[in-house]
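Engineer: The sequence and its predicted three-dimensional model are supplied below.
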Amino acid sequence: MIDWTGIETAEPTPDLLAAVSAALRSPDPETRDSRAYEQLCRWVPLLTPEQRLALGDEMAERLSDPEIQARTFAPLVLADLADLGAHRGAWLDAFARWYLAETDLRGFDAELGWLHALAHGADYLAALGRGPLLADPTPLLELVAARLLAPTDHVLDALEDDRLGRALAQILTRPELTERQALGWLDVIAAQPPRRPSATTGAVPAVVSNTLRTLRMLYVLADRGVRMERGGDPVPLPHSAALRERIAGILVVNSPFTG
């Protein structure tokens, strides 16, 4: 049992760090989100490189946890570690397997609180993609495209599409990306048959709705620039004009109001 009183100023001893990390699996949202995760955020900058790698290994393993809240909070810690330069290829491999296979896409649950699998995963992808940890960030863009096209009946309802769009935009600020790299990941999305609502087909499928709303957010950020942190100045995307043209071409064939 953790005594949360005064823990904000406590040193991250091995035993205490293990206990707080374990609390990140808690089904109680107050314990998991407001206490364990917030404390780990305070501690991660204080950890040694070895401790950060050990914590990342633990989070990567947790991506296969049977509890949904345990799985979805692991990427947030991995994102914090990535921002401080801690990364292993095995973490990204484990993350990619989980991200594509996760079927519980609820944003918020009345008992478990925030789950946010896609949004929390987007934060990890953004942390990896906007910094120097990966020489080639294009696999991250392709991973988001594959996630958007993965079968689901869940329509995103907690601004996860905005978080995905922001992650894509932050990755696309990398100056070394060629125009082909910046646009190529959209090919698999553009290849999907157009799906418009009609009297005979019914509502637009969740996959289509989620994808189009994510692309709309990316279009706005490509036009206006994306903030890398709260309060920061917008950073332009190097291939903004070409990206907007490509996205517009995908959106227009899927909208009943454009022709």
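Structural biologist: Alright, I've got the coordinates. A quick note: this is a predicted structure, and the numbers were derived from the prediction, not measured. Residues are numbered from 1 along each chain as shown.

Engineer: domains for the chain, by residue range?
Structural biologist: Listed by automatic domain parsing, the domain ranges of the chain are 7-102, 137-259.

Engineer: Mind checking the pLDDT average for the shortest one?
Structural biologist: This points to domain 7-102. When pLDDT is averaged over domain 7-102, the result is 97.

Engineer: Mind jotting down where the helices sit in this structure?
Structural biologist: 14-23, 29, 38-43, 49-62, 68-83, 89-101, 117-130, 138-149, 160-171, 179-184, 187-190, 206-224, 240-253 (DSSP state H).

Engineer: Distance to residue 230 and mean neighbour count added to those, as JSON lines?
Structural biologist: Where C-beta positions appear, they are placed from N, C-alpha and C, glycine not excepted. Shown next, in JSON lines, are the helices of the chain (distance: least, CB to CB, whole Å; neighbours: other CB atoms under 10 Å):
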{"stretch": "helix 14-23", "distance to residue 230": "25", "mean neighbour count": "16"}
{"stretch": "helix 29", "distance to residue 230": "23", "mean neighbour count": "18"}
{"stretch": "helix 38-43", "distance to residue 230": "14", "mean neighbour count": "18"}
{"stretch": "helix 49-62", "distance to residue 230": "23", "mean neighbour count": "18"}
{"stretch": "helix 68-83", "distance to residue 230": "13", "mean neighbour count": "24"}
{"stretch": "helix 89-101", "distance to residue 230": "24", "mean neighbour count": "17"}
{"stretch": "helix 117-130", "distance to residue 230": "13", "mean neighbour count": "25"}
{"stretch": "helix 138-149", "distance to residue 230": "22", "mean neighbour count": "20"}
{"stretch": "helix 160-171", "distance to residue 230": "11", "mean neighbour count": "25"}
{"stretch": "helix 179-184", "distance to residue 230": "25", "mean neighbour count": "16"}
{"stretch": "helix 187-190", "distance to residue 230": "29", "mean neighbour count": "14"}
{"stretch": "helix 206-224", "distance to residue 230": "15", "mean neighbour count": "20"}
{"stretch": "helix 240-253", "distance to residue 230": "22", "mean neighbour count": "16"}
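
Engineer: Can you tell me how far the closest residue to residue 96 other than its chain neighbours is from residue 98?
Structural biologist: Among residues not flanking residue 96 along the chain, residue 143 sits closest, at 5.7 Å (CB to CB, 6 or more residues apart in numbering). Shown here: residue 143 relative to residue 98, a distance of 11 Å by CB to CB, to the nearest Å.

Engineer: same check, this time on residue 173
Structural biologist: 26 Å.

Engineer: and residue 200, what pLDDT?
Structural biologist: Residue 200 is assigned 64 on the pLDDT scale.

Engineer: picking that back up, is it true that the residue nearest to residue 96 touches residue 128?
Structural biologist: No - Residue 143 sits out of contact with residue 128 when judged by CB atoms under 8 Å, with a separation of 10.1 Å.

Engineer: pLDDT at residue 203, what is it?
Structural biologist: 78.

Engineer: Need the helices of the chain in TSV (columns: distance to residue 3).
Structural biologist: Output for these, formatted as TSV (distance: least, CB to CB, whole Å):
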stretch	distance to residue 3
helix 14-23	10
helix 29	20
helix 38-43	12
helix 49-62	21
helix 68-83	21
helix 89-101	31
helix 117-130	28
helix 138-149	39
helix 160-171	34
helix 179-184	50
helix 187-190	50
helix 206-224	42
helix 240-253	51
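
Engineer: For residue 119, list the residues it contacts.
Structural biologist: Applying CB atoms under 8 Å, 6 or more residues apart in numbering to residue 119 gives the contacts 107, 158-160, 163-164.
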